[in-house]
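Participant: Coordinates only, no sequence provided:
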């Protein structure tokens, strides 16, 4: 049994080791059962949904542990009287749409995204969107303390044997993926004004053994696309060829080779649960990271000029200038897909138009999709653009002609002691804020929402660095970009001298 339940919190998700001996893994069956009960308690206590009205959709990715976890989770819910829609193998974006498409009050995707095959976890959704980080903290706290009261009244009993309704909940199968595929196909057909709009397009999909194979067989092929060069479409919970991850170098190279060999117009890389995507153009160039941020910004600013684009904290001033030159402005925010999505909603509440929230990792949420974090929707948007550009004998890279790129990019992760993580990381960031003036031609970035960001103008540095707390493990993350060769290492050495004073 785990000793610290909060270590299962990974940003706004729950994740942990799920394969191995039940006495040693994080997501043992009893832990999953308690998380399931805590989830139901959370919905009643904090979302104010009556227990007898709870109906929850559950889907999962292709991992080998997903089926075991699903059945334990379902049993924990139905024992309380909760009705469950078993959606089977499903993508995270489909499950995020489940409350709307299936008229249920909440949904769960069992996944650990791009993490190794022995990991698994949960992503939670309601009609309002994905659960926030503080929601996850509450669920884990309820599970750890067995605080299984459906009311905040402290006088109620805590023994779980007295909880729930007198009836057992019902379970029925639900084909969420068919509904979701129709939604994505409708988007492509509407924008290209054709029932078979992809008949002259060749697209390679690399699903990496995750759940993303549906995009090729159930969306692209019915719309007329040639998908013959696609790879790793069948679910493979072992991820035996490469980890499905659009940021992973091996994944990118594999997709580049497949795209070039097929002479395709576009290659698509999905992560395991399809909430992220990366792309390969017809010449084999990877459109990931800042290039993907720039491409999506170009698409939405053409339609929504003078608008804000929310990006994560590790984007450069090159992106800021690119967006500015297109008539928009960048709002650089904290990493984490929920963080950037919430920032986009906040901007809209304050009367600022914001059509896009996007991370360099491949998470992209469009306002027209109600800011669902959706890799398939992102892919559909880019496919529409590829088709339109091909009619003009152009390529999506043409939209990136004015984007400047850094000469060097570097990321360093510094593991910290788990018990002292918050103290040490906070102290390091504070020391960098206080001592940055001791570095020649170094300035503090004032418009910064995460950690400490420093800008370097000396010719041998010429770049920036961001020092922040990791959202997923007890480590300090140092992101660096430089516009000169050797500059990233020079920046690292200059700040490391300050960091060492704390360690």
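Facilitator: Yes, it's here. In this text, all values refer to a predicted model and were calculated from it rather than measured experimentally.

Participant: Show me where the stretch 51-200 of the chain dips below the pLDDT cut-off.
Facilitator: For the stretch 51-200 of the chain, applying pLDDT under 70 flags the ranges 151-166.

Participant: Residue 18: what's it in contact with?
Facilitator: 25, 26, 27, 63, 65, 68, 69, 112, 118, 119, 120, 121 (CB atoms under 8 Å, 6 or more residues apart in numbering). To be clear about C-beta, it is placed using only N, CA and C from the backbone, and glycine gets the same treatment.

Participant: Now intersect these with the helices, please.
Facilitator: Among the contacts of residue 18, the residues falling in helices (DSSP state H) are 68, 69.

Participant: can you pick the most crowded of the contacts of residue 18?
Facilitator: Within the contacts of residue 18, residue 63 tops the neighbour count with 31 neighbours, counted by other CB atoms under 10 Å.

Participant: how about TSV for the contacts of residue 18, with distance to residue 104 added?
Facilitator: Output for the contacts of residue 18, formatted as TSV (distance: CB to CB, whole Å):
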residue	distance to residue 104
25	29
26	27
27	23
63	23
65	24
68	23
69	19
112	23
118	30
119	26
120	22
121	20
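
Participant: tell me the domain boundaries of the chain?
Facilitator: Residue ranges for the domains of the chain, per automatic domain parsing: 5-174, 178-400, 408-499.

Participant: Going along the chain, name the helices of the stretch 201-350 of the chain.
Facilitator: 213-214, 249-262, 289-303, 317-325, 337-349 (DSSP state H, counting those that start in this stretch).

Participant: what's the angle from the longest one to helix 317-325?
Facilitator: Helix 289-303 and helix 317-325 meet at an angle of 10 degrees, taking axes from the mean of the first three to the mean of the last three CA atoms, to 10 degrees as the criterion.

Participant: buried ones in helix 289-303?
Facilitator: 289-301 (16 or more other CB atoms under 10 Å).

Participant: ok, so of the residues you listed, who is nearest residue 309?
Facilitator: residue 297 (5.0 Å; CB to CB).

Participant: what pLDDT does the closest one get?
Facilitator: We note a pLDDT of 98 for residue 297 in this prediction.

Participant: ok, residue 174 - contacts?
Facilitator: Listed by CB under 8 Å, 6+ apart, the contact set of residue 174 reads 57, 85, 86, 87, 102.

Participant: For the residue nearest the centre of the chain, which non-adjacent residue is spatially closest?
Facilitator: Among the residues of the chain, residue 363 comes closest to the average C-alpha position under CA atoms, centre = their mean, at 4.7 Å. Spatial nearest neighbour of residue 363, chain neighbours left out: residue 337 (4.0 Å); criterion: CB to CB, 6 or more residues apart in numbering.

Participant: ok, now how distant is residue 480 from residue 448?
Facilitator: For residue 480, the distance to residue 448 (CB to CB, to the nearest Å) stands at 15 Å.

Participant: Which one's more surrounded, these two?
Facilitator: Legend: neighbour count by other CB under 10 Å for residue 480 and residue 448, higher for residue 480 (26 against 16).

Participant: Partner strands of the helix or strand encompassing the more buried one and their direction?
Facilitator: Secondary structure from DSSP states H and E places residue 480 in strand 475-482. As defined by DSSP bridges, the strand partners of strand 475-482 come to strand 408-415 (antiparallel), strand 463-469 (antiparallel).

Participant: Next, the angle from the next helix or strand after that strand to strand 475-482.
Facilitator: Counting by DSSP H and E, the element after strand 475-482 in chain order, helix or strand, is helix 487-499. Taking the same axes, to 10 degrees, one finds helix 487-499 and strand 475-482 inclined to each other by 140 degrees.

Participant: Which elements pack onto helix 487-499?
Facilitator: strand 408-415, helix 421-435, strand 452-456, strand 463-469, strand 475-482 (3 or more CB pairs under 8 Å, 6 or more residues apart in numbering; DSSP states H and E).

Participant: any idea of the angle the helix or strand harbouring residue 384 forms with helix 289-303?
Facilitator: Residue 384 is part of helix 375-391, with elements assigned from DSSP H and E. For helix 375-391 against helix 289-303, the angle by the same axes, to 10 degrees is 70 degrees.
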